[in-house]
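Enquirer: Let's see this in three dimensions:
(4 chains)
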Number of protein chains: 2
Amino acid sequence: MRKTSKLTVADPSVTIKDIAGHLGISHSTVSRALSDHPYTNAETKAKVRQAVEKLGYVPNAAARSLRSDKGSLVGLILPDIHNELFTVTAQIVSHRCLKNGTPMVLAVSEDDSAAELNHVTALRQARTLGIILTPTPGLTEKTASLLHGLPLVQYSRRHPKLSAPSVSVDGERGVLVATEHLLQIGHRRIAYVGMESDKSTGAERLAGYVKAHQKAGEDNDPALRRLGTSHPDFARAAVADLLNLPDPPTALILGSNALTVGALKALRHAGLETPHDISLIGWGDSSWFSLWRPGITTIGMPTVEMAEAAASQLMRQLSNEPDGAAGHVAIEPTFVLRGTTAPLEGARRTKGSRRRARSGSGKARAPGSRLTT
Amino acid sequence: MRKTSKLTVADPSVTIKDIAGHLGISHSTVSRALSDHPYTNAETKAKVRQAVEKLGYVPNAAARSLRSDKGSLVGLILPDIHNELFTVTAQIVSHRCLKNGTPMVLAVSEDDSAAELNHVTALRQARTLGIILTPTPGLTEKTASLLHGLPLVQYSRRHPKLSAPSVSVDGERGVLVATEHLLQIGHRRIAYVGMESDKSTGAERLAGYVKAHQKAGEDNDPALRRLGTSHPDFARAAVADLLNLPDPPTALILGSNALTVGALKALRHAGLETPHDISLIGWGDSSWFSLWRPGITTIGMPTVEMAEAAASQLMRQLSNEPDGAAGHVAIEPTFVLRGTTAPLEGARRTKGSRRRARSGSGKARAPGSRLTT
DNA sequence: CTGAAAGCGCTAACAG
DNA sequence: CTGTTAGCGCTTTCAG
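Expert: Prediction:
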């Protein structure tokens, strides 16, 4: 013992041996007492507990980990933490981990694969129990090899170099339903502003847009597709540009939450009103989407459900369940019909007269689309 | 070596000894080679590096930590991660830590002091280097003792049991400026819906409200103050109640971001328009506040600045700088004047006629309040 | 420049 | 029930 400090103050330099010395017993007895070993004298246990208190003993996780060759961390690697999906994910996974007694390490990759590698390296060195990861598009070979054999769940995105089970939202279905809705209510020039196809999410969502047109036997003008980074500024520029087209779109679908914000800004800037001048379907369902006037029609992700699913997936792998590792889970998005969409004719007819905003917060499950207003 | 697996696949069971055996040298040489020790043969280094690659060696952080009696984690304990302040904080601190080579552990306390204790305990057992903590109001004696002597930053809130330096926003000033503004433009019945005073933030912000009235020599009806949890539902109920008062408020100040959302909902529900029927000043500056029509006047927190300050504070303590530990930093909030506030007379005069929304995203620093529109 | 040896704090046989 | 002993993977003297 290096420091005999004031009582009841935690002192990490105090070891199991110190308390053994203090009590005149052996350190293994102390160890047993602390781990509540079956064959230990109740009296000794009490004394040990007391001494622990008095000396401010704090177990050394590193020593324990070294002995057991097991870490005690769970890693969560997310591309960004401003996104609502990732925000609730962090919350929920952290909560689940706490209940499990395993601290959770949150790392933000900012979609930079070098940062991602760093994080994975650090986590592996710490002998992390498992990782929930949203892979960056450029995920390194090295990163993949580091991840190999570790309990892992791919979250929200999937990467070809990884074989781990995944939990993601069915983005294709989400955009498909949204597009079909617009088609049904008469729109023909529907623009899509989304993420590049290097991310699996980007590719899927775009596919939904294309497929809906194909199914309906409608042409689809490539000039109405704009792919870029998931940053408001990109959508802002893209939408501004779309509006300048000789034959501008009558409806707009956004492929991510951040893009929705950018699109709204662009419309505001251009002085256009939804749904009067243009219909809009956003992505995600931020708390203010329903407060917005008129309520924002959107493709919602069941964020809580996704986070829970990912956490459960990981836990299952950790507890080594039989075929816990199996499968990719694609969670159904939700189509939330509110006020930013209107029939093409309807919008044209009421031109000039201000539409009464619908207060809307009605939700409907995709696909059958039981749409409530 | 337990597993001689395929090349280039990470194998945590491979130790420094395995690679020593593989190369027919001693493990201490390997250790030196890996840590780039000055007196080591360049050729040996190369060979070692190669073998490391081939065998998939991954250093064991626990062993290293045990030897050095130093952990390699930084802890960030936040009450909730939906709040924008905490969201950007997590992002920034994580980023700073990465640059520093220290993984960051994010723990969410949900304002539950038992959870807080758990987190702190786990962190200390892992010999965490330092912690940034937003203390819960009910922070335990035990938690405090666990924290004692550890590099620590109190973030956003301060707790009497803790003596560590703090970084927070000057909430009193923020609400004071906001209240004075309303007073200046003629409001007399100004309601305040905020957090209970058990949190230092709650107490401070309320104090600003009270002080502004005192300075102006105005009475302040206690019935216009509503304190509760920082949850939208509380504000929703509180505002609904305030509106039912015989002499309802003409203006409303919110004491937290979540409460702002709730208040907006209550107004919507009651069919009231800002600023026509009531003026409103929110808290925090979420991205959609400026998109909202009319823009939401609010007390903004320089979130990035705060997060950076906290990270720097901690880093300073970690690098053991002379008097790095000193002082409490209170960051000045920002008063952002947008469209949800209007002079009392003005609002009354235009009664019935719809006010033209100001597009406003003008910002102004408190206190002198160079207010831009 | 390299090897041998000790020891960080803890757990788990194995003897008492 | 308890003490003795060994060893987890690594760094670090101390001798070669």
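
Enquirer: How about A:Arg189, nearest residue that isn't a chain neighbour?
Expert: A:Pro249 (4.6 Å; CB to CB, 6 or more residues apart in numbering or on different chains). For the C-beta atoms, the positions are set from N, CA and C on the backbone; glycine is no exception.

Enquirer: For the stretch 201-350 of chain A, give me the ranges with low pLDDT.
Expert: The stretch 201-350 of chain A contains residues with pLDDT under 70 at A:321-326, A:346-350.

Enquirer: Check the secondary structure at A:His119 for me.
Expert: helix (DSSP: H, G, I helix; E, B strand; the rest coil).

Enquirer: Retrieve the pLDDT associated with it.
Expert: For A:His119, the pLDDT comes out at 95.

Enquirer: re the thing from before, who touches the residue nearest to A:Arg189 in this structure?
Expert: Contacts for A:Pro249 were tallied using CB atoms under 8 Å, 6 or more residues apart in numbering or on different chains; they are A:189-191, A:224, A:242, A:278.

Enquirer: for A:Ser109, same thing?
Expert: By CB under 8 Å, 6+ apart, the residues touching A:Ser109 are A:77-79, A:115-116, A:119, A:134, A:136.

Enquirer: A:Ala309 sits in which helix or strand?
Expert: Here A:Ala309, judged by DSSP states H and E, is contained in helix A:303-318.

Enquirer: rewinding a little: list only those of the contacts of A:Ser109 flagged as buried.
Expert: A:77-79, A:115-116, A:119, A:134, A:136 (16 or more other CB atoms under 10 Å in any protein chain shown).

Enquirer: Name the residues of the stretch 1-150 of chain A found near DNA strand D, please.
Expert: Proximity of the stretch 1-150 of chain A to DNA strand D, by CB under 7 Å from any atom of the strand, involves residues A:25-29, A:32-33, A:37, A:39-44, A:63, A:66-67, A:69.

Enquirer: which ones among the residues you listed are found in strands?
Expert: The strands, defined by DSSP state E, take in nothing from these.

Enquirer: I only care about those residues that end up buried; give me the ChimeraX line for that.
Expert: The buried residues among these can be selected in ChimeraX (16+ other CB under 10 Å) with this line:
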select /A:25,29,32,33,40,63,66
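
Enquirer: A:Ser113 is in contact with A:Leu139, correct?
Expert: Yes - using CB atoms under 8 Å, A:Leu139 is in contact with A:Ser113, at 5.7 Å.

Enquirer: the more surrounded of the two?
Expert: Under the criterion of other CB atoms under 10 Å in any protein chain shown, the comparison of A:Leu139 against A:Ser113 puts A:Leu139 first, with 21 against 16.

Enquirer: got a list of what the nearest residue to that one once chain neighbours are set aside touches?
Expert: Nearest non-adjacent residue to A:Leu139, counting by CB to CB, 6+ apart: A:His159, 5.1 Å away. A:His159 makes contact with A:135, A:137, A:139, A:200, according to CB under 8 Å, 6+ apart.

Enquirer: can you check A:Ala122 too?
Expert: By CB under 8 Å, 6+ apart, A:Ala122 lies in contact with A:107, B:61, B:72, B:101, B:103.

Enquirer: which is the next helix or strand following the helix or strand in which it is found?
Expert: Assigned by DSSP H and E, A:Ala122 falls within helix A:113-125. Moving toward the C-terminus from helix A:113-125, the next helix or strand (DSSP H and E) is strand A:130-133.

Enquirer: Can you point out the buried residues in stretch A:15-25?
Expert: For stretch A:15-25, by 16+ other CB under 10 Å, it's A:15-16, A:18-20, A:22-23, A:25.

Enquirer: mind saving the C-alpha coords of that stretch as PDB?
Expert: C-alpha atoms of stretch A:15-25 as PDB (Å, rounded to 0.1, in the frame of the first residue of the first chain):
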ATOM      1  CA  THR A  15      -4.400  -3.900  -3.800                       C
ATOM      2  CA  ILE A  16      -5.800  -7.100  -2.600                       C
ATOM      3  CA  LYS A  17      -2.500  -7.800  -0.900                       C
ATOM      4  CA  ASP A  18      -2.700  -4.600   1.000                       C
ATOM      5  CA  ILE A  19      -6.000  -5.600   2.500                       C
ATOM      6  CA  ALA A  20      -4.700  -9.100   3.100                       C
ATOM      7  CA  GLY A  21      -1.700  -7.600   5.000                       C
ATOM      8  CA  HIS A  22      -4.000  -5.300   6.900                       C
ATOM      9  CA  LEU A  23      -6.000  -8.300   8.100                       C
ATOM     10  CA  GLY A  24      -3.200 -10.700   8.500                       C
ATOM     11  CA  ILE A  25      -4.600 -13.200   6.100                       C
END
